[in-house]
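Q: how does the following fold in three dimensions:
(2 chains)
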Amino acid sequence: DTGVSQNPRHKITKRGQNVTFRCDPISEHNRLYWYRQTLGQGPEFLTYFQNEAQLEKSRLLSDRFSAERPKGSFSTLEIQRTEQGDSAMYLCASSLGQEAEAFFGQGTRLTVV
Amino acid sequence: AQKVTQAQTEISVVEKEDVTLDCVYETRDTTYYLFWYKQPPSGELVFLIRRNSFDEQNEISGRYSWNFQKSTSSFNFTITASQVVDSAVYFCALSEARDSNYQLIWGAGTKLIIKP
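A: Numbering: from 1, shown residues only, chains lettered A, B, ... in the order given. You can find the predicted model right below:
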């Protein structure tokens, strides 16, 4: 296994369009996290899954954001009706259990024009 | 409330100097974990270390060392004989059960610049 994989690496979209990102975690990891990071800031928690169950979603996350992990393996993050403020790096991480360290993918950089 | 403070926004040193990155945390929990991650210009967050609250032993890994002191709620990171490849943003993070269900709470990061 080569680690957490995210696709695409970069996405440029027009305001108002929908975008979907994919994350493939490390195979035996049951926890999967989505974070957002803007320039000069630390990662901001969005949501996480324990297997296929979405256990928590940040209160900062608008209804335009939705995430799924249908079979407890890969996950998708969809942003509907994108806005310029959605421009950021979207990071996915996975861990083996709640107390273990999380391993991160290389991120998807979203630019909304 | 839980919180992680990295007071140093940016540090610049000349190669081969030793450098210490500070991290101070706040938590009400007695069981918690502390982490350091490195984010090089490529953007990927690289895990460096995880320490649980019951293990105050300092850790050394090559040129990296970590000093965990519960009395001062600090988990500082020292790079000895720094190299240009150490240039990155370094994040300290905390996870604990009570208030955050083991979510990672991140510091703002310290940008480390190693000049040749």
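
Q: the closest residue to chain A within chain B - nearest residue in space that isn't next to it in sequence?
A: Going by CB to the nearest CB, chain A is nearest to residue B:106 of chain B, at 3.6 Å. C-beta coordinates here come from the backbone N, C-alpha and C atoms, glycine included. The shortest distance from residue B:106 to any non-neighbouring residue, by CB to CB, 6 or more residues apart in numbering or on different chains, is to residue A:42 (3.6 Å).

Q: near chain A, which residues of chain B are found?
A: Residues of chain B lying near chain A by CB under 8 Å from any CB of the partner chain: B:33, B:35, B:37, B:42-47, B:50, B:52, B:91, B:93, B:95, B:97, B:101-104, B:106-109.

Q: show me where chain B has its strands.
A: With DSSP state E as the criterion, chain B has strands at B:3-5, B:10-14, B:19-21, B:24-26, B:32-39, B:46-52, B:59-61, B:64-69, B:74-79, B:88-96, B:105-106, B:110-115.

Q: can I get these in JSON lines including distance to residue A:59?
A: Shown next, in JSON lines, are the strands of chain B (distance: least, CB to CB, whole Å):
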{"stretch": "strand B:3-5", "distance to residue A:59": "17"}
{"stretch": "strand B:10-14", "distance to residue A:59": "31"}
{"stretch": "strand B:19-21", "distance to residue A:59": "30"}
{"stretch": "strand B:24-26", "distance to residue A:59": "21"}
{"stretch": "strand B:32-39", "distance to residue A:59": "22"}
{"stretch": "strand B:46-52", "distance to residue A:59": "27"}
{"stretch": "strand B:59-61", "distance to residue A:59": "35"}
{"stretch": "strand B:64-69", "distance to residue A:59": "31"}
{"stretch": "strand B:74-79", "distance to residue A:59": "28"}
{"stretch": "strand B:88-96", "distance to residue A:59": "19"}
{"stretch": "strand B:105-106", "distance to residue A:59": "15"}
{"stretch": "strand B:110-115", "distance to residue A:59": "28"}
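
Q: which stretch among these comes nearest residue A:28?
A: Checking the strands of chain B against residue A:28 by CB to CB gives strand B:46-52 as the closest, at 16.2 Å.

Q: can you give me the offset of that closest one from its chain's centre?
A: Remark: strand B:46-52 is offset 8 Å from the chain centroid, using CA atoms, centre = their mean, to the nearest Å.

Q: what does stretch A:46-58 give?
A: How far stretch A:46-58 lies from its chain's middle: 11 Å, per CA atoms, centre = their mean.

Q: report pLDDT for residue B:49.
A: pLDDT, residue B:49: 94.

Q: can you count the residues close to it?
A: If you count neighbours by other CB atoms under 10 Å in any protein chain shown, residue B:49 ends up with 17.

Q: in chain A, which residue sits closest to chain B?
A: Nearest residue of chain A to chain B (CB to the nearest CB) works out as residue A:42 at 3.6 Å.

Q: do you know how far that residue is from residue B:37?
A: 9 Å (CB to CB, to the nearest Å).

Q: what about stretch A:48-65, average pLDDT?
A: On average, the pLDDT along stretch A:48-65 is 89.

Q: residue A:42 and residue B:37: which is more packed in?
A: Using other CB under 10 Å as the criterion, residue A:42 and residue B:37 rank with residue B:37 on top: 26 against 22.
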